[in-house]
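Student: got a predicted structure plus its sequence, pasted below:
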Amino acid sequence: MKINANMRQAVMCCMAVVALARCAIGAEDAKKAADDASFRSDFKVDERNLVSTGRNKFFILEPGFQLILEGKEKGKNLRLEITVLAETKKIGSVETRVVEEYETTDGKQTEKSRNYFAIDKTTQDVYYFGEDVGGKWLSGEDGAKFGLMMPGTVKVGDKYCQEIAKKAQDRALNVSVSETVTTPAGTFKDCLKTEETTPLEPDEKEYKYYAPEIGMVKYGEMVLVKYGTVK
């Protein structure tokens with residue numbers, strides 16, 4: 001079959017389009033890989049310095065401390081209770097503190113999880129060692145490693161992996177430390193704003209706000225309504 005000049009030009013144009021598309025896909029993949037690599041995931045920690053009780057500027061890990069957030073989403077009432085329990089769990093050689101999260105929608109339980117944290121007494125970095133819930137994982141099991149939940153020294157632009165497991169890969173970006181958040185529990189200044197993402201759901205983003213010496217005061221549509229120590 002003879003190929004005339006017009007047909008040859010059309011074929012060459014198609015090949016050029018395909019080549020450009022491949023280049024675009026390759027560039028996007030490279031960008032994603034570079035972004036993934038920009039999150040800190042290798043934390044040099046002396047486990048002898050990790051303890052189950054303590055606090056840093058934006059995270060309190062003391063038995064009895066509780067945060068209660070409420071809000072509305074799609075017409076439904078949401079409530080989240082975060083309670084630092086008087087319980088610990090040994091994970092590897094580290095004694096971690098148990099933090100319970102109890103979530104309800106219109107008064108009905110939607111999730112109840114037990115999360116495990118430890119704090120470095122020298123840096124006040126808070127590390128996340130796992131959770132018992134749908135995406136259950138524990139540091140040291142099935143390739144999972146502990147992540148950084150909240151740095152003791154917060155820097156804008158810092159990126160860090162909070163969960164390092166097959167089914168849990170949350171990570172955070174510190175966006176700002178100058179936010180003001182007004183809630184039923186009060187108005188809080190100089191709040192930390194974080195952007196949380198996960199490569200497991202690349203199109204999803206969540207924003208959380210943490211007030212100095214209190215902790216999380218806003219999460220999505222929920223805001224702080226009560227905080228303090230409970231017996």
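Tutor: That came in fine, so what should we check first? Numbers count the residues shown, from 1 in each chain.
Student: show me where the chain dips below the pLDDT cut-off.
Tutor: Residue ranges of the chain with pLDDT under 70: 1-8, 10-35.
Student: longest strand of it?
Tutor: Longest strand in the chain, counting residues (DSSP state E): strand 76-91.
Student: given that strand, what are its sheet partners and their directions?
Tutor: Applying DSSP bridges to the sheet, strand 76-91 is found paired with strand 65-73 (antiparallel), strand 94-105 (antiparallel).
Student: just put these in JSON lines and tack on mean neighbour count and distance to K44.
Tutor: Using the backbone N, CA and C atoms, a C-beta is placed for each residue, glycine as well. Shown next, in JSON lines, are the strands paired with strand 76-91 (neighbours: other CB atoms under 10 Å; distance: least, CB to CB, whole Å):
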{"stretch": "strand 65-73", "mean neighbour count": "18", "distance to K44": "28"}
{"stretch": "strand 94-105", "mean neighbour count": "19", "distance to K44": "15"}
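Student: just to revisit the earlier point, contacts for the longest strand of the chain?
Tutor: The contact list for strand 76-91, computed with CB atoms under 8 Å, 6 or more residues apart in numbering, reads 52, 60-72, 95-107, 116, 129-130, 138-140, 215-216, 219, 221-222, 230.
Student: quick one: it to chain centroid distance?
Tutor: 16 Å (CA atoms, centre = their mean, to the nearest Å).
Student: and that strand, C-alpha only, in PDB?
Tutor: The C-alpha trace of strand 76-91 is given here as PDB (Å, rounded to 0.1, in the frame of the first residue of the first chain):
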ATOM      1  CA  LYS A  76     -25.200  14.900  60.300                       C
ATOM      2  CA  ASN A  77     -23.800  15.600  63.800                       C
ATOM      3  CA  LEU A  78     -20.200  14.500  64.300                       C
ATOM      4  CA  ARG A  79     -18.400  14.100  67.600                       C
ATOM      5  CA  LEU A  80     -14.900  13.000  68.400                       C
ATOM      6  CA  GLU A  81     -13.500  12.300  71.800                       C
ATOM      7  CA  ILE A  82      -9.800  11.900  72.200                       C
ATOM      8  CA  THR A  83      -8.700  10.600  75.600                       C
ATOM      9  CA  VAL A  84      -5.200   9.800  76.900                       C
ATOM     10  CA  LEU A  85      -5.800   6.700  78.900                       C
ATOM     11  CA  ALA A  86      -4.000   5.500  82.100                       C
ATOM     12  CA  GLU A  87      -2.800   2.500  80.100                       C
ATOM     13  CA  THR A  88       0.400   1.700  78.300                       C
ATOM     14  CA  LYS A  89       1.400  -0.900  75.700                       C
ATOM     15  CA  LYS A  90       4.900  -2.300  75.100                       C
ATOM     16  CA  ILE A  91       5.800  -2.300  71.500                       C
END
